[in-house]
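[1] Below is the sequence, then the predicted model.
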Amino acid sequence: QVQLQESGPGLVKPSQTLSLTCTVSGDSITTNSYNWHWIRQPPGKGLEWMGVIYYDGSLNYSPSLKSRTSISRDTSKNQFTLQLSSVTPEDTAVYYCTNWHRSALRYDYWGQGTQVTVSS
């Protein structure tokens with residue numbers, strides 16, 4: 001069974017860069033079974049897809065966040081990371097990492113989510 005765990009600071013100041021790491025166990029992030037996504041949920045709102053790092057390392061971002069978002073990976077640690085720059089209070093949300101099963105066409109496993117608050 002695949003497990004995902006988000007980690008990172010829970011409080012970020014406006015204009016700074018938010019950095020989160022997703023640590024994966026139970027499968028390799030380079031396996032071609034999955035792609036690896038970041039999704040967030042602001043308070044009182046629905047889920048917002050942020051971006052994906054594919055099993056081969058290629059990337060795709062939400063157009064609305066592309067200018068501020070960077071996703072990378074460390075295959076030696078089986079981790080992938082999210083960086084969101086120039087944050088504002090509107091970036092306050094619960095941030096999730098998840099994996100997309102390429103054959104079953106569904107999100108298979110989710111991290112428990114981590115609350116990030118943007119405030120001075």
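    Yep, that arrived.

[2] Skipping adjacent residues, who's closest to Trp110 in space?
    Thr98 (4.6 Å; C-beta to C-beta, 6 or more residues apart in numbering). The way it works is simple: take the backbone N, C-alpha and C, and place the C-beta from them, glycine included.

[3] swap that for Tyr55, please
    Nearest residue to Tyr55 in three dimensions, chain neighbours excluded: Asn32, at 4.9 Å (C-beta to C-beta, 6+ apart).

[4] coming back round to it: mind listing what the residue nearest to Trp110 touches?
    Neighbour list for Thr98: 4, 36-37, 39, 107-111 [criterion: C-beta atoms under 8 Å, 6 or more residues apart in numbering].

[5] Output the residues you listed as CSV; include the columns secondary structure.
    Shown next, in CSV, are the contacts of Thr98 (DSSP: H, G, I helix; E, B strand; the rest coil):
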residue, secondary structure
Leu4, strand
Trp36, strand
His37, strand
Ile39, strand
Tyr107, strand
Asp108, strand
Tyr109, strand
Trp110, strand
Gly111, coil
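
[6] Now the buried members of those residues.
    The neighbour-count test (16 or more other C-beta atoms under 10 Å) marks 4, 36-37, 39, 108-111 as buried among those.

[7] Output those residues as TSV; include the columns distance to Ser76 and pLDDT.
    Shown next, in TSV, are these (distance: C-beta to C-beta, whole Å; pLDDT from 0 to 100):
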residue	distance to Ser76	pLDDT
Leu4	17	98
Trp36	16	97
His37	21	98
Ile39	25	98
Asp108	23	92
Tyr109	21	96
Trp110	24	97
Gly111	20	97
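
[8] Helix or strand with the lowest mean pLDDT in this protein?
    Of all helical and strand segments in the chain, the minimum by mean pLDDT, DSSP states H and E falls on strand 106-110, at a mean of 94.

[9] strands paired with that strand, and their directions?
    If you go by DSSP bridges, strand 106-110 pairs up with strand 93-101 (antiparallel).

[10] what pLDDT does the residue nearest the centre of the chain get?
    Nearest to the geometric centre of the chain sits Trp38, at 2.6 Å (C-alpha atoms, centre = their mean). Looking at Trp38, its pLDDT stands at 98.
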